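>>> Structure of the sequence below:
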Amino acid sequence: MMNVSRRTLLKAGLAALAVPSVAACNNGAAARGPGEVIYWLWDSAQLPMYTECAKVFHEQNPQYSVKIEQYGWGDYWSKLVTGFISETAPDVFTSHSAKYPLFADKGQVLAIDDFVTKDSVDLGIYQKGLAERWIGADGKRYGLPKDFDSEVYFYNSAFTEAAGITPEQLNSMTWNPQDGGTFEEVVRRLTVDSKGRRGDQPGFDPKNVKVFGLGYGDAGGADGQTSWSWYAASNGWKYSEGEPWGTKFFYGDPKFTDTIGWWRGLITKGYMPTYAQAKSGVDVTTSFGAGKYGMTPNGSWMLGTYQTLKDVKTKLARLPIGPIGKRVSMMNGLADTIWAGTTRRDASWAWVKFLGSQTAQDIVAKAGVVFPAVSASLPAAKAKFAANGWDVTPFLETVEAGDVFPYPANPNAADVTAVMTPAMDAVMSFEAAPASLAKANDDVNQILAATA
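Presented below is the predicted three-dimensional model:
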């Protein structure tokens, strides 16, 4: 994810934008054929399968062709904003549900409702809730879903076996903010100090830990997607009124602050690294691969990365059942969107429609990198993941049961993040108490009120 300064710059860069003038657009239009579409994505792992999609698309639509450009996440969004400002943005680009609200608010992405209606696009082919995710606060549609994700725990099965923890125990964990439930018992058992004593054994030294039972990558900022989101949600908390379009946020709710207080307490007990250790410059997956963590939470988009950790036998476990009596997961997804300034609207729409079709998503599914948004394409993805050694059931159970909640969306997401990231960092660094999040929440709601 981008850091606060990048997000703030993104918001500031877009603040002065107006809807681009089609006549002034300069994304290489004159140098290209009338049917050539420039398409951007950020995930290098997905480049081969989308190259194949472009080939099939051209075979089916010889009047159109696609030029694909891939940039890393850190550069992608800043380049995109630069393209908006200079009117050199790609015709079509992969978008994130946290980003498009601002782009739509600034008139930089094209509403596709008329195209969808004209071509009678069947929105019922997608996983439940995904198509609706791309309807903006203005009621207009800004993309067709391409994939979805959820979260689970990746665990080191050699460590769990050595600790005497069974897969059944891992997949039936419960948690609460008072004593952590059986989830905390598992984390405690997986933690080992420098003298080989486990967290649940006499003499355990929380100041000298060799293997932490639970690893994490960051303090979670405003969304906590891969850090605390499912704990808070399964404690009965929600981000805001008007979810996912936040109109009033609840970061000061005791259900949230109690959750964060418990989570931070795992550091004090020695079961989880300090924030300084977690942010030492080595990412959470690398530390997991080096045997520093018993388990780490992460999203389904990270399956390929964990696959590369050859020194660790990694398996997946369900998220814990919370005080509300069930496990829940954030469900997010990406979509392909059209730049409002493109001079190739028909060609761009044809490409977006193709990418949202089962034909394209079958290609994506068979690559075994992400979960396709089209429901009928999902079995192919499951089969490929199984061939790679993954039982992805824990990712899919909450989705299939409808026990999911959306990634929080707001045109002012950059401002919310600019407040909540340092506030959460301070809490996890023990520079501030969880109760301080009530003040941060007030600041967030003041920003929203000022921009309403």
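>>> Low-confidence regions, this structure specifically.
1-31, 452 (pLDDT under 70).
>>> host element of residue 381?
helix 378-387 (DSSP states H and E).
>>> Show me which parts of that helix are buried, residue by residue.
378, 380, 381, 382, 384, 385 (16 or more other CB atoms under 10 Å). Bear in mind the C-beta positions are built from the backbone N, C-alpha and C, glycine included.
>>> what's it in contact with?
127, 303, 362, 364-368, 370-372, 392, 396 (CB atoms under 8 Å, 6 or more residues apart in numbering).
>>> what distance separates it from the middle of the whole chain?
How far helix 378-387 lies from its chain's middle: 21 Å, per CA atoms, centre = their mean, to the nearest Å.
>>> Dump that helix to PDB, keeping only the CA atoms.
Extracted C-alpha coordinates of helix 378-387, given in PDB (Å, rounded to 0.1, in the frame of the first residue of the first chain):
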ATOM      1  CA  LEU A 378     -14.000 -19.900 -10.000                       C
ATOM      2  CA  PRO A 379     -13.800 -23.800 -10.200                       C
ATOM      3  CA  ALA A 380     -10.900 -23.500 -12.700                       C
ATOM      4  CA  ALA A 381      -9.100 -21.200 -10.200                       C
ATOM      5  CA  LYS A 382      -9.700 -23.600  -7.300                       C
ATOM      6  CA  ALA A 383      -8.400 -26.500  -9.400                       C
ATOM      7  CA  LYS A 384      -5.200 -24.600 -10.300                       C
ATOM      8  CA  PHE A 385      -4.600 -23.500  -6.700                       C
ATOM      9  CA  ALA A 386      -5.100 -27.200  -5.600                       C
ATOM     10  CA  ALA A 387      -2.500 -28.300  -8.200                       C
END
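>>> report the angle between the axes of the helix or strand that it is followed by and helix 378-387?
Later in the chain than helix 378-387, the nearest helix or strand by DSSP H and E is helix 393-401. With axes from the mean of the first three to the mean of the last three CA atoms, to 10 degrees applied, the angle from helix 393-401 to helix 378-387 works out at 160 degrees.
>>> Send over helix 393-401 as CSV, restricted to the C-alpha atoms.
Backbone C-alpha positions of helix 393-401 (Å, rounded to 0.1, in the frame of the first residue of the first chain) are rendered in CSV as follows:
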residue,chain,number,x,y,z
THR,A,393,-11.4,-23.2,1.2
PRO,A,394,-10.7,-20.8,4.1
PHE,A,395,-10.6,-17.9,1.7
LEU,A,396,-13.9,-18.8,0.0
GLU,A,397,-16.1,-20.0,2.9
THR,A,398,-16.9,-16.5,4.2
VAL,A,399,-17.5,-15.2,0.7
GLU,A,400,-19.9,-18.1,-0.1
ALA,A,401,-21.7,-17.6,3.2
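>>> Which neighbouring elements make contact with that helix?
On a contact count with 3 or more CB pairs under 8 Å, 6 or more residues apart in numbering; DSSP states H and E, helix 393-401 meets strand 151-156, strand 314-317, strand 329-331.
>>> What are the contacting residues of the helix or strand where residue 55 lies?
Using DSSP H and E, residue 55 falls within helix 47-60. If you take CB under 8 Å, 6+ apart as the criterion, helix 47-60 is touched by 39, 41, 64-66, 68, 70, 350-351, 354-355, 359-360, 363-364, 366-367, 369.
>>> Mind checking which of those are buried?
39, 41, 64-66, 68, 70, 350-351, 354-355, 360, 363-364, 366-367, 369.
>>> about what we covered before: mind checking which of the contacts of helix 47-60 are in helices?
Counting by DSSP state H, the contacts of helix 47-60 place 350, 351, 354, 355, 359, 360, 363, 364, 366, 367 in helices.
>>> Of these, just say which sits nearest to residue 416.
residue 355 (29.6 Å; CB to CB).
>>> Might you report the residue contacts of the closest residue to residue 208 other than its chain neighbours?
Nearest non-adjacent residue to residue 208, counting by CB to CB, 6 or more residues apart in numbering: residue 194, 4.3 Å away. The contact partners of residue 194, by CB under 8 Å, 6+ apart, come to 205, 208, 209, 210.
>>> Whatever helix or strand the last one lives in: partners in the sheet, and parallel or antiparallel?
Following DSSP H and E, the helix or strand that holds residue 210 is strand 209-214. Using DSSP bridges, the strands paired with strand 209-214 are strand 192-193 (antiparallel), strand 293-299 (parallel).
>>> nearest to residue 223, of these?
So among these, strand 293-299 is nearest, using CB to CB, at 11.6 Å.
>>> list the helices and strands the helix or strand just after the closest one packs on?
Following strand 293-299 in sequence order, the next helix or strand is helix 303-307 (DSSP H and E). With contacts taken as 3+ CB pairs under 8 Å, 6+ apart, helix 303-307 sits against helix 284-289.
>>> List the buried residues for the helix it packs on?
284, 285, 287, 288, 289.
>>> The fourth one against residue 156, yeah?
Spelled out, that is residue 288. Yes. Look at residue 288 against residue 156 with CB atoms under 8 Å: they come within range, at 7.1 Å.
>>> Need the residues touching each of these two.
Residues touching both residue 288 and residue 156 (CB under 8 Å, 6+ apart) are 295, 312, 314.
>>> Stretch 260-270: which residues count as buried?
260, 261, 262, 263, 264, 266, 267, 269, 270.
>>> Format those as a markdown table; extra columns: distance to residue 236 and secondary structure.
Formatted as a markdown table, these follow (distance: CB to CB, whole Å; DSSP: H, G, I helix; E, B strand; the rest coil):
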| residue | distance to residue 236 | secondary structure |
| --- | --- | --- |
| 260 | 14 | helix |
| 261 | 15 | helix |
| 262 | 14 | helix |
| 263 | 16 | helix |
| 264 | 19 | helix |
| 266 | 21 | helix |
| 267 | 24 | helix |
| 269 | 24 | coil |
| 270 | 29 | coil |
